[in-house]
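Student: My questions concern the predicted model and sequence given below.
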Amino acid sequence: MGRGAQSLARVAVIARAGAAPLWWPGLLAAAIGALVPGLTGRRIGLLSGAALFLITAAVVALARGRRYAELAGGATRAGRSDFLQDRAVTVRNWRRGRRWWLLGAFLAAVASAFVLPGAGGMVLAGAGAGLWLKAVRIGRREQRDDALYWVRTDWVERGRPAGKRVKGYRTTGPMAGDAAPGGARRRR
């Protein structure tokens, strides 16, 4: 990289990176939990799990929405020397940094089935759905603004593209990078 060059990662890709590793293990943990009678019984556990799924998805999807909008509103154009990180690299880095946390969350969700069957898995799946909804909302803003939002990788603390260390976003045209608006793989 040249002088003044920064490595940039897509904001929507970072937000979306945790969706699948929370969604699928969450559904698996809920299915395993549905097989266990638990202390409260299956019906109460699954009904409360459904309510917790909706609440968790809404909270995760709406969390820090004002901060995302503020950073996007003050975004500056990326420089020619900035290095745009591939979608696969961003997703791999996010998932590698959290693999033990994801395994622990899955095991905790399965273990919670002995108290409230299926509820822990539904919370995990709700967090994954919320992250996906957040990425979709970022993607809609990108389409509306006809720009893609990027953040410096050295500012992203613990996978938070709107954390305290993030001072601003950079923008590129809508065809930059290998991910579509919202962080999904670009269709060829």
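Tutor: Noted; the coordinates are in hand.

Student: the helices in this structure, which residues?
Tutor: 11-16, 19-35, 42-62, 65-73, 87-97, 99-111, 119-145 (DSSP state H).

Student: and the longest one, which residues are buried?
Tutor: If I follow you right, that is helix 119-145. 119-139, 141-142 (16 or more other Cβ atoms under 10 Å). Yep, even glycine has a C-beta here, placed from its N, CA and C like the rest.

Student: what's it packed up against?
Tutor: helix 11-16, helix 19-35, helix 42-62, helix 65-73, helix 99-111, strand 148-152 (3 or more Cβ pairs under 8 Å, 6 or more residues apart in numbering; DSSP states H and E).

Student: Any idea how far it is from the middle of the chain?
Tutor: Distance of helix 119-145 from its chain centroid, counting by Cα atoms, centre = their mean, to the nearest Å, is 6 Å.

Student: Same question for the fourth one.
Tutor: In terms of Cα atoms, centre = their mean, the gap separating the centre of helix 65-73 from the centre of its chain is 16 Å.

Student: same check, this time on the shortest one
Tutor: Averaging C-alpha positions (Cα atoms, centre = their mean) puts helix 11-16 6 Å from its chain's average.

Student: hang on, the earlier thing: now tabulate the helices of the chain in a markdown table and tack on mean pLDDT and distance to Ala162.
Tutor: Below are these laid out as a markdown table (pLDDT from 0 to 100; distance: least, Cβ to Cβ, whole Å):
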| stretch | mean pLDDT | distance to Ala162 |
| --- | --- | --- |
| helix 11-16 | 90 | 8 |
| helix 19-35 | 94 | 16 |
| helix 42-62 | 95 | 12 |
| helix 65-73 | 91 | 4 |
| helix 87-97 | 89 | 14 |
| helix 99-111 | 95 | 19 |
| helix 119-145 | 94 | 10 |
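
Student: That's all I had, so thanks and see you.
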